[in-house]
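Q: Next input, structure requested:
(chains A and B)
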Protein chains: 2
Amino acid sequence: MAKRQISIQPMDAASFASFGDVLTLKSKPDKMINQDMCGRHHDLAKLDFTDGQAGISLFDAVPRQLPYTLDMMERHPLGSQAFIPLHEHSFLVIVASDMGGKPGEPLAFLTAPRTGINIYKNTWHGVLTPLQAPGMFAVIDRIGYGKNLEEYWLDEEYIIQN
Amino acid sequence: MAKRQISIQPMDAASFASFGDVLTLKSKPDKMINQDMCGRHHDLAKLDFTDGQAGISLFDAVPRQLPYTLDMMERHPLGSQAFIPLHEHSFLVIVASDMGGKPGEPLAFLTAPRTGINIYKNTWHGVLTPLQAPGMFAVIDRIGYGKNLEEYWLDEEYIIQN
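A: The predicted structure is shown next:
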């Protein structure tokens, strides 16, 4: 049987809304600061941590290639997780709604350049998948104790492609 | 009288330590995740907020040119402020120790590529100064009410240059 295939779609805030925030400039800054030399686009992410607090870490990930084989999804029951690319490249983001404790049919998004994301607490997602080097991201997630990772290995893989 | 001049030095964690954190990869990740495809460099910033909480905003700043004229420094009495470049370019960071409620002699640093910074609470610093486009940064700072900005206009300007 042919493997299940998922097509990558451009990320936009509306289609990503039930999974997380798209961290991109608004059409107009909330405020001009620094003697009008800088626009502040204010408070774009719903940070949400249980029994812990926000911290900044760096993730250094090996770039992946398309088509990409998705065999596992994960979620973090105790906190949201934001990814800020330390580069100008698009990256692949795979998410799924929860279907009775397991990920449902995944959706695959390609971010616009210079765009971060914030994945909501307990939302199924694929691992970090840059598509080119450097695979470096700042990650704003929960710093705290306790088990904050649930992995679900798929019965059958998905092939993610353009 | 000639204006006061400050030479830019490369940023390193030791010389920046009293002003903030340098957000760069450690020599070795704290943990390998995602089936060993990603290194996690854990909890690199001392986030510190009074009567508020962490949020993620975007700053879109006009790039500056060298030599740069420093005429004002500012500090945020209620919270730390981290800057994550959404690009791979170095940027200019100016900081100063406090001298009785005013900034002392400034220091000017050039970050390494793909490097963020976290400026500690109530630390004197210059405004965001990218040196090339795009001047886009994710900023992790305090979301809350109250006056969190103190500006100090210098009696005499400094010229910042290589």
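Q: Need the three-state assignment for the residue located most distally from the centre of chain A.
A: In chain A, the residue that sits farthest from the middle, by CA atoms, centre = their mean, is residue A:35; the gap is 33.6 Å. Secondary structure, DSSP: H, G, I helix; E, B strand; the rest coil: residue A:35 is coil.
Q: And the pLDDT for it?
A: Model confidence at residue A:35, given as pLDDT, is 94.
Q: cool, and residue A:2?
A: 61.
Q: Distance check, residue A:56 against chain B.
A: 4 Å (CB to the nearest CB, to the nearest Å). In this view, the C-beta of every residue, glycine as well, is placed from N, C-alpha and C.
Q: Check whether that residue really touches residue B:138, as I assumed.
A: No - counting by CB atoms under 8 Å, residue A:56 stays clear of residue B:138, with 9.8 Å between them.
Q: Now list whatever residues contact both of these two.
A: Residues touching both residue A:56 and residue B:138 by CB atoms under 8 Å, 6 or more residues apart in numbering or on different chains: A:138, B:84.
Q: Just the CA atoms of whichever strand or helix holds residue A:9, as CSV, please.
A: Using DSSP states H and E, residue A:9 maps to strand A:4-10. What follows is strand A:4-10, C-alpha atoms only, in CSV (Å, rounded to 0.1, in the frame of the first residue of the first chain):
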residue,chain,number,x,y,z
ARG,A,4,0.1,8.3,3.2
GLN,A,5,1.1,11.7,1.7
ILE,A,6,0.7,15.2,3.1
SER,A,7,1.3,18.3,1.0
ILE,A,8,3.0,21.3,2.6
GLN,A,9,1.1,24.5,2.7
PRO,A,10,2.3,28.1,3.3
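Q: buried stuff in that strand?
A: A:6, A:8 (16 or more other CB atoms under 10 Å in any protein chain shown).
Q: what do you get for stretch A:57-66?
A: In stretch A:57-66, the ones that count as buried by 16+ other CB under 10 Å are A:57-61, A:64.
Q: For it, output the C-alpha coordinates as PDB.
A: Taking Å, rounded to 0.1, in the frame of the first residue of the first chain, the C-alpha atoms of stretch A:57-66 are listed here in PDB:
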ATOM      1  CA  SER A  57      17.500  27.700  25.200                       C
ATOM      2  CA  LEU A  58      19.100  27.100  21.800                       C
ATOM      3  CA  PHE A  59      18.400  24.200  19.600                       C
ATOM      4  CA  ASP A  60      20.900  23.100  16.900                       C
ATOM      5  CA  ALA A  61      19.100  20.700  14.600                       C
ATOM      6  CA  VAL A  62      20.300  18.700  11.600                       C
ATOM      7  CA  PRO A  63      18.500  20.000   8.500                       C
ATOM      8  CA  ARG A  64      16.100  17.500   6.800                       C
ATOM      9  CA  GLN A  65      15.300  17.000   3.200                       C
ATOM     10  CA  LEU A  66      12.000  16.700   1.300                       C
END
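Q: hang on, the earlier thing: can you tell me the strand partners of the strand holding residue A:9 and which way each runs?
A: When pairs are called by DSSP bridges, strand A:4-10 turns out to pair with strand A:107-110 (parallel), strand A:150-161 (parallel).
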